[in-house]
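J.: Here you go, sequence then predicted model.
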Amino acid sequence: MVNAAALVSRSLTVSALERAVPSRIAVFRALQLGDMLCAVPALLALRTAFPRARITLIGLPWAKAFVERYSQLVDDLCVFPGAVGFPEQAESDARLAAFIAAARERNLDLAIQLHGSGGVANDIVFELGARHCAGFVQPGESRAGCFIPWPEQLREPERYTALMRALGVPADNSALWFPLKWIDRAEAAALLEEHGARDRSFVVVHPGAQLPSRRWPPSRFAAVADAMAGLGKTVFITGTPAEKSLAEAVRAAMSRDAISLVGRTTLGGLAALVERAHLVICNDTGISHIAAAMRRPSVVVACGSDTARWAPADKILHRVVADYPECRPCSFAVCPHGHLCAHAISAAQVIEAARAQCNYGSRLHLFGSSHHRGDEVHDRLA
């Protein structure tokens, strides 16, 4: 049985502890795809510990797709409308009171702050009216409940599994997981068939990222894509519809052919494509976490980001290429310093890493050693 002692006073009796096991849980994490994927190990631990609880994600509007994808872990979405101090949406408190009133009607047993280091995120969690709260605190911040210091030294997924352990929830695996459905694999198969690549070795090149400060120049992605095509690989360029101009800039700078799938894949279809790829070449963005979840080799060109926090854990399967000027890690959406960390990374550096990873990807395909976490997760949730 889960140790609920972290949720309540140590003076309570065993029977009171048993009664404290939550049946209505809210998890606050109103962030983008990559951030959400990094929270999956913690959500899996939470669901395993409380299989009968109703777990609600408080997240961004797009996270409806995340909840549908991870329906084994999360029951429903409560959309966070935004507030001052949360730059992921328009910073306004105009709809905050109505959101809090609706959230309080859920009569929550436990509200968990997985949004970040503390501060204003904790303010939101305490407004939900839950019987117990948990999360992280910044230096000098004190909160009632199960709150631990923000673990700066840990990788992103491990920060949240650390909080689970503080709650008494076993959480010893921080590996990412992305469940695929038959329709995802059918989508990927149809795209490969359309472009005559069903039985061909291919590379996924993803030049986009939400923040401009995280993007490596398209001309250098083009040089890498040309090198991959020179090795006989089919090159697929992927991205969201908003990233069409980036993809076209890459193709325009190439001397060889590449196929644009920008705007043509769903999230699941993209993951299924990654599952079959020999290599993913990308910025430090959501698709890098998908490659980690699908156990496919990648080269991550990390501009601006905190690689100790965000880089994939497996240093053999995933190569991170980065430069570290004094201004790093970067908190700017658009770099005000001439994007030194991006321009310092040459195409030759990334090509060298990509060639090595292509060889590794070929060995994985040859020996059938690509391991997915799906069966393990299914067993845990069964």
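T.: Here it is on my side, so go on.
J.: in stretch 115-135, what counts as buried?
T.: For stretch 115-135, the neighbour count (16 or more other CB atoms under 10 Å) marks 115-119, 121-122, 124-125, 127-128, 130, 132-135 as buried. (C-beta placed from N, C-alpha, C; glycine too.)
J.: In helices, which of the residues you listed fall?
T.: When DSSP state H defines the helices, the subset of the buried residues of stretch 115-135 inside them is Ala121, Asn122, Ile124, Val125, Glu127.
J.: and Ala242, how many residues sit next to it?
T.: The local packing of Ala242 (other CB atoms under 10 Å) involves 11 other residues.
J.: Now do it against Gly208, distance only.
T.: Using CB to CB, to the nearest Å, Ala242 is found at 8 Å from Gly208.
J.: What of Gly232?
T.: Distance from Gly232 to Gly208, by CB to CB: 25 Å.
J.: what's the answer for Ala222, then?
T.: 14 Å.
J.: So for Gly232 and Gly208, which sits in the more crowded spot?
T.: Taking other CB under 10 Å, Gly232 and Gly208 do not tie; Gly208 has more neighbours (25 against 9).
J.: Could you pull out the strands in the stretch 251-382 of the chain for me?
T.: For the stretch 251-382 of the chain, the strands defined by DSSP state E, counting those that start in this stretch occupy 259-260, 279-283, 298-302, 318-322.
J.: As JSON lines, the ones you listed with distance to Ile58 and mean pLDDT would be great.
T.: Shown next, in JSON lines, are the strands of the stretch 251-382 of the chain (distance: least, CB to CB, whole Å; pLDDT from 0 to 100):
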{"stretch": "strand 259-260", "distance to Ile58": "36", "mean pLDDT": "97"}
{"stretch": "strand 279-283", "distance to Ile58": "28", "mean pLDDT": "97"}
{"stretch": "strand 298-302", "distance to Ile58": "29", "mean pLDDT": "96"}
{"stretch": "strand 318-322", "distance to Ile58": "30", "mean pLDDT": "95"}
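J.: now the ones you listed in CSV, with mean neighbour count?
T.: Below are the strands of the stretch 251-382 of the chain laid out as CSV (neighbours: other CB atoms under 10 Å):
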stretch, mean neighbour count
strand 259-260, 17
strand 279-283, 28
strand 298-302, 28
strand 318-322, 20
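J.: so which of the ones you listed comes closest to Ala30?
T.: strand 279-283 (22.4 Å; CB to CB).
J.: Direction included, what does that closest one pair up with?
T.: Strand pairing for strand 279-283, determined by DSSP bridges: strand 202-206 (parallel), strand 298-302 (parallel).
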